[in-house]
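> Sequence first, then the predicted structure:
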Amino acid sequence: MTSSVAFLGLGNMGGPMAANLAKAGYRVVGFDPVPAAAEAARAAGLDVAATAADAVATADVVITMLPSGRHVLACYTDVLPHARTGSLFVDCSTIDVAEARAAAVLAAEAGHHTCDAPVSGGVVGAQAATLTFMVGADDDAFTAATPLLNAMGRRVVHCGVSGAGQAAKICNNLILGISMLAVSEAFVLGERLGLSADALFDVASVSSGQCWALTTNCPVPGPVPTSPANRDYQGGFAAGLMLKDLGLARDAAQATGVELALGAHAADLYTAFVEQDGPGRDFSAVITGISAGTLAPRTSEEAS
Ligand code: NAD
């Protein structure tokens with residue numbers, strides 16, 4: 001039997017993900033409280049309910065793609081009484097591990113199955129159904145969710161029990177946030193040493209400096225024509241979202257007693273960048289702040 005899906009949160013990611021589920025033959029009813037998001041989903045051919053409760057009432061799978069853990073907990077509290085007993089709740093948002101586990105407990109107490117299934121791959125991956133899903137769930141919930149996740153992505157990794165998907169997402173983005181800063185510092189230093197961006201790219205992309213921040217999301221225009229640097233850092237993965245994810249890593253580190261020396265410094269640098277540039281441009285635009293020398297906190301001597 002094909003699942004009926006309620007898709008809550010039809011924003012940049014959720015809109016195209018819900019559309020891909022509908023394309024794959026699932027009966028999808030969406031909901032978003034923001035009229036523009038609901039309207040865009042309707043225009044893309046999706047059924048959109050007037051309330052979240054209406055959307056979940058006829059569904060056997062409820063997928064959420066919301067901004068933060070606060071939204072997920074509020075949404076679960078709102079819809080759980082209206083969902084069919086034994087539904088599968090799949091949260092694809094990027095949220096705190098503790099909040100993910102709290103949401104799973106709420107749903108389990110109401111008689112439902114749960115997965116945390118955050119994604120990597122961004123808006124382009126959401127549109128093209130090429131996302132990677134990192135799943136925290138028991139075996140039965142993972143098995144039940146897998147066909148739906150395959151309809152929205154290319155890779156589905158079972159990371160462990162509830163919360164493990166969020167743990168994987170937070171650790172991955174900790175690597176990403178730090179590696180983008182490293183790549184950006186290298187390009188700025190290389191330029192000051194008279195090295196062309198192409199020359200540094202040609203060496204580092206086939207040497208031990210190779211990483212995704214360099215070869216896919218290169219922060220300087222030229223070497224990787226599809227990277228956001230070639231379009232004034234528009235689109236891509238917003239600096240504000242990177243900052244949010246580094247905050248989640250910091251909270252998780254505090255809760256577990258881990259010292260994240262580089263992670264904490266990276267969060268400070270992205271905080272300064274977002275204050276100066278706003279949250280909207282791709283996080284690789286952080287190179288412009290490094291180049292301008294405006295991100296590092298000034299010492300009291302420099303400030304005076
Ligand atoms: P977005 O702000 O575009 O969309 C979120 C949507 O959720 C909004 O339209 C909002 O109105 C809606 N919403 C809020 N409360 C709701 C509720 N109770 N019921 C239904 N809808 C509700 O954000 P996005 O870019 O789609 O990101 C969503 C999640 O995916 C975030 O947790 C983000 O960190 C994560 N993520 C984003 C990207 C990316 O590149 N944008 C990549 C990976 C992961």
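Great, that's in hand. Numbers count the residues shown, from 1 in each chain.

> Can you pull up the residues of the stretch 51-200 of the chain that come close to the ligand?
Contacts of the stretch 51-200 of the chain with the ligand, taken as Cβ under 6 Å from any ligand atom, map to 52, 65-67, 71, 75, 93-94, 119, 122-123. Placement of C-beta: from N, CA and C, glycine included.

> so which of those is the most crowded?
Each of those was scored for neighbours by other Cβ atoms under 10 Å, and residue 65 scores highest at 29 neighbours.

> what helix or strand does the residue of the chain found nearest the ligand sit in?
Using Cβ to the nearest ligand atom, the closest approach of the chain to the ligand is made by residue 11 at 1.8 Å. For residue 11, there is no helix or strand it lies in under DSSP states H and E.

> Retrieve the pLDDT associated with it.
You'll see residue 11 listed with a pLDDT of 94.

> show me the contacts for it.
32, 34, 37, 65, 67 (Cβ atoms under 8 Å, 6 or more residues apart in numbering).

> is it true that the third one touches residue 13?
No. With contact defined as Cβ atoms under 8 Å, residue 37 does not count as touching residue 13 (11.0 Å).

> Which one of these two is surrounded by more residues?
Shown here are residue 37 and residue 13; by other Cβ under 10 Å, residue 13 has more neighbours (23 against 19).

> Pretty sure that one sits against residue 65.
Yes. Between residue 13 and residue 65 a contact is recorded at 5.2 Å, counting by Cβ under 8 Å.

> Now for those two: what residues contact both?
residue 92.

> related to what we said a few turns ago, what separation is there between the residue of the chain closest to the ligand and residue 75?
Noted for residue 11: a distance of 13 Å to residue 75, by Cβ to Cβ, to the nearest Å.

> Residue 160 now?
Separation of residue 160 from residue 75 (Cβ to Cβ) stands at 24 Å.

> How about residue 14?
Separation of residue 14 from residue 75 (Cβ to Cβ): 12 Å.

> domains in this protein, as residue ranges please.
The chain breaks down by automatic domain parsing into domains covering 4-160, 167-303.

> Let me know which of those is tucked in deepest.
Across the domains of the chain, the average number of neighbours (mean count of other Cβ atoms under 10 Å) peaks for domain 4-160, which reaches a mean of 20.

> Tabulate the CA atom coordinates of the lengthiest strand in the chain in PDB.
In the chain, assigned by DSSP state E, the strand with the most residues is strand 153-160. Backbone C-alpha positions of strand 153-160 (Å, rounded to 0.1, in the frame of the first residue of the first chain) are rendered in PDB as follows:
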ATOM      1  CA  GLY A 153      17.600  11.400  -2.100                       C
ATOM      2  CA  ARG A 154      20.500   9.300  -3.400                       C
ATOM      3  CA  ARG A 155      22.000   8.000  -0.200                       C
ATOM      4  CA  VAL A 156      20.400   6.900   3.100                       C
ATOM      5  CA  VAL A 157      22.700   6.000   6.000                       C
ATOM      6  CA  HIS A 158      21.400   4.400   9.200                       C
ATOM      7  CA  CYS A 159      23.600   6.100  11.800                       C
ATOM      8  CA  GLY A 160      22.100   4.500  14.900                       C
END
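
> What's the first helix or strand after the helix ranked longest in the chain?
Assignment by DSSP state H gives helix 164-192 as the longest helix of the chain. Next helix or strand after helix 164-192 toward the C-terminus (DSSP H and E): helix 197-204.

> contacts for that next one?
By Cβ under 8 Å, 6+ apart, the residues outside helix 197-204 that reach it are 183, 186-187, 190-191, 209-210, 214, 218, 220-224.

> In this structure, where is pLDDT below threshold?
Applying pLDDT under 70 to the chain flags the ranges 1-2, 297-304.

> quick one: the helices in it?
Using DSSP H, helices in the chain cover 14-23, 35-43, 52-57, 69-79, 97-109, 122-128, 139-152, 164-192, 197-204, 212-215, 239-256, 261-277, 286-292, 300-303.

> which one of these lies closest to residue 88?
With Cβ to Cβ as the criterion, residue 88 lies closest to helix 139-152 of the helices of the chain, at 5.3 Å.

> Distance from the closest one to the middle of the chain?
19 Å (Cα atoms, centre = their mean, to the nearest Å).
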